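Trainee: pasting a predicted model and its sequence here:
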Amino acid sequence: MLLMGMYGIHIYGQIILFDNRGWLPSTFVALWLLLFALIALNTTARQLISQSFLHWHKLLILLFLGYYFVSTFFYSDYAFSSNFSNIVVVVLPSFMLGVVSNVDYSNFMPFQRLVRILNTNLFAKRLYLLAGLSSLLFIVYQVYLFYVNKLDLTLALVTVDNNYYQDLGDYFVIFYCGWLALRENYRNRLEEPQRSYARFTLLLLLEMSIAVIFLQLIGSNKAPLTVVLIGLSYLVFSIPSSRRLQLRQCAALLLLFLLVVIFFQFHADPELLSSLRFFNEANDGGITSNSSFSIRLDQVVKSGFDQMNRNWLFGDLTIDQYMHSSLISIQTHLGLLGTMLFWSFIAMQSYIIYFKSNDRIAKAVTLPVVFVSIISSAFWWLPLWFVIGLIYMRK
């Protein structure tokens, strides 16, 4: 997921800046090629199928996918093409990417030697550190590209006029999930990970700040919100059990907060802040006049309830002015049947993740992504289905 996230960021970054992706294949083609290669391994298919039979509630999401896929064939022209495209280009590949990210390949013969090497603690720590530094340098380079090629920062919102900034933001969320998984593996290799918690927190906040600035420069509000919520959730679920370390952590966070406030009060450049989408829209009338917020609110008030009542049992896929909410859009497009299948799986699997699992990464990403999808995105949002695939494989 880390590499696929980096690939998506690079492709859509090239399109936004230079209006072409060069000789590289599209993210859709690259993603399916990767998935076909991994699905061809018996290990992937076997573990995917076994999860459905071992945990009956996981069949619910497969039934939902089947119901959505079959429903498209009862429509023609635009309704069929748009929804079929959503399934093939976004929903299925992102779901499978989450699945293969959690498949255990340690028993697959060609990987057994690599697994033995990774079990060597010193080698594993160096490998994770190298991968982490490479990923960080990649993001810094992307920020540099956007800064150099957008010297007039007042034009930073140009990408809001097309959908590429949304696609880049979606792949950044996937990249960030992979980045946290890499960090988690590295921390687990440390002899005393709790003692490094203060440094871990400061680095995490620095990474989040870089991510937010980068995503705001390309015009995205949804992706930085998702990244911040995931990062803070990971921080909460990583809190050490020691009371002394907890107090030290609180003091460090308070100090950092005061330093940030002082910086923005006396040193932040107003012109630079206005180039970031959130500050630009806030200066035009506050958060309630934010275009993303107001458009979504107006949609729900004006047509949301009418759409939900159009066909309350099976939904209506001909709706093109969809609600930017996974909760509402499932009801409008797939009716009560789709709503029950989808949210029953989310509720049951979330209970397992948060009350019966020690997986910090799954806990950090599940509720933030689901929450952001409810307030700002239709149910075919790429990060949502990636996380569904991720938690689908969690026992």
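Mentor: Great, that's in hand.
Trainee: drop to CA atoms for contacts and neighbour counts, all remaining ones
Mentor: Will do.
Trainee: any stretches of this structure with poor pLDDT?
Mentor: 1, 38-54, 103-129, 149-162, 189-198, 240-304 (pLDDT under 70).
Trainee: report the secondary structure state of residue 322.
Mentor: Recorded secondary structure, residue 322: coil (DSSP: H, G, I helix; E, B strand; the rest coil).
Trainee: that one against residue 330, yeah?
Mentor: No: here residue 322 lies out of contact with residue 330, judged by Cα atoms under 8 Å, at a distance of 9.7 Å.
Trainee: tell me which of these two has more neighbours.
Mentor: Just comparing residue 322 and residue 330: by other Cα atoms under 10 Å the higher neighbour count belongs to residue 330, 28 against 23.
Trainee: which SSE is that one in?
Mentor: Here residue 330, judged by DSSP states H and E, is contained in helix 326-355.
Trainee: rewinding a little: any common contacting residues for residue 322 and residue 330?
Mentor: Residues touching both residue 322 and residue 330 (Cα atoms under 8 Å, 6 or more residues apart in numbering) are residue 378.
Trainee: returning to that earlier point: list the buried residues for the helix holding residue 330?
Mentor: Within helix 326-355, the residues that count as buried by 16 or more other Cα atoms under 10 Å are 326-346, 349-350, 353-354.
Trainee: ok, the nearest residue to residue 372 once chain neighbours are set aside - how many residues close by?
Mentor: Sequence neighbours aside, residue 226 is the residue nearest to residue 372 in space, at 6.5 Å (criterion: Cα to Cα, 6 or more residues apart in numbering). Neighbour count for residue 226, taken as other Cα under 10 Å: 25.
Trainee: from the rest of the structure, what touches the helix or strand encompassing residue 226?
Mentor: Using DSSP H and E, residue 226 sits within helix 222-237. Helix 222-237 is contacted from outside by 166, 169-170, 172-173, 176, 201, 204-205, 208, 211-212, 215-216, 360-361, 363-365, 368-369, 372, 376, using Cα under 8 Å, 6+ apart.
Trainee: type out the PyMOL command that picks the buried ones from the residues you listed.
Mentor: The buried subset of these, as determined by 16+ other Cα under 10 Å, is captured in PyMOL by this line:
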select buried, resi 166+169+170+172+173+176+201+204+205+208+211+212+215+216+360+361+363+364+365+368+369+372+376
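Trainee: filter the contacts of helix 222-237 down to the ones in strands?
Mentor: Among these, none falls in strands (DSSP state E).
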